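J.: curious how this folds, go ahead:
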Amino acid sequence: MIKSIESLSPEDQRVLYDAIPYVTILVAGADGIIDNAELAAAEKVTHVRSFHYEHAEWLEFYQKEDKNLHQRLHNLIDHLPRETEQRQQLVAKELAKLNDVLPKMDRRQAKHFYDGLRSFAEHIAKASGGFIGWISIGPKEAKVTDLPMVEPVE
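T.: Alright, predicted model coming up:
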């Protein structure tokens, strides 16, 4: 595991591990409909990253995510508000917790995590084909794929 993650408190580590399911719900639910294609894309990207990722030091992180992502996503869907705006606000608040955690990590590792999270969001947004399949990312998903609630790591 990455040393900068191991040195974090259990609560801070949980914030990192919760980011993948929360980003999935944020992007998939942006248009008010969390569809199976978006959930399947999240699971597929996580699975692929568990054995092949440009930053090999993150493989173990994605292996842990891959083990129970399906269940975690469905638990979140069951427990988060059904109303889109309420759900999006709650999820954005949870993701904003990364703003306190990422600065505690090695800067390079924090950037890898942040960049990986944004590319993950983009994969989810492209999963349902955008507006009537004409564009790859719909306008509502486009508003959240850059994760505006998380401060960029440069």
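J.: quick one: low-confidence ranges for this protein?
T.: 1, 129-135 (pLDDT under 70).
J.: could I get the full set of helices for it?
T.: 3-6, 10-28, 36-49, 59-79, 84-96, 98-101, 107-127, 139-142 (DSSP state H).
J.: select, out of those, the one closest to residue 149.
T.: helix 84-96 (4.4 Å; Cβ to Cβ). In this view, the C-beta of every residue, glycine as well, is placed from N, C-alpha and C.
J.: for the closest one, buried residues please.
T.: The neighbour-count criterion (16 or more other Cβ atoms under 10 Å) identifies 87, 88, 90, 91, 92, 94, 95 as the buried residues of helix 84-96.
J.: try stretch 29-37
T.: 29, 30, 31, 34.
J.: now do stretch 73-80
T.: Neighbour-count burial for stretch 73-80 [16+ other Cβ under 10 Å]: 73, 76, 77, 80.
J.: out of the buried residues of stretch 29-37, which sit inside strands?
T.: The members of those all map outside strands under DSSP state E.
J.: nearest to residue 138 among those residues?
T.: residue 31 (5.8 Å).
J.: nearest spatial neighbour of that closest one, skipping sequence neighbours?
T.: With sequence-adjacent residues excluded and distances taken as Cβ to Cβ, 6 or more residues apart in numbering, residue 31 is closest to residue 140, at 4.5 Å.
J.: roughly how far does the one you found sit from residue 40?
T.: Counting by Cβ to Cβ, to the nearest Å, the gap from residue 140 to residue 40 is 19 Å.
J.: contacting residues for the nearest residue to residue 70 once chain neighbours are set aside?
T.: Distance criterion Cβ to Cβ, 6+ apart; nearest residue to residue 70, sequence neighbours excluded, is residue 43 at 5.8 Å. Counting by Cβ atoms under 8 Å, 6 or more residues apart in numbering, residue 43 makes contact with 66, 69, 70, 73.
J.: kindly reformat the residues you listed as TSV containing distance to residue 2.
T.: TSV is the format used below for these (distance: Cβ to Cβ, whole Å):
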residue	distance to residue 2
66	16
69	19
70	24
73	24
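J.: restricted to buried residues, select those in ChimeraX.
T.: In ChimeraX, this line selects whichever of those come out buried by 16+ other Cβ under 10 Å:
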select :66,69,73
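J.: show me the contacts for the closest residue to residue 105 other than its chain neighbours.
T.: By the measure of Cβ to Cβ, 6+ apart, the closest residue to residue 105 outside its immediate chain neighbours is residue 4, 4.0 Å from it. By Cβ under 8 Å, 6+ apart, residue 4 lies in contact with 104, 105, 106, 109, 110.
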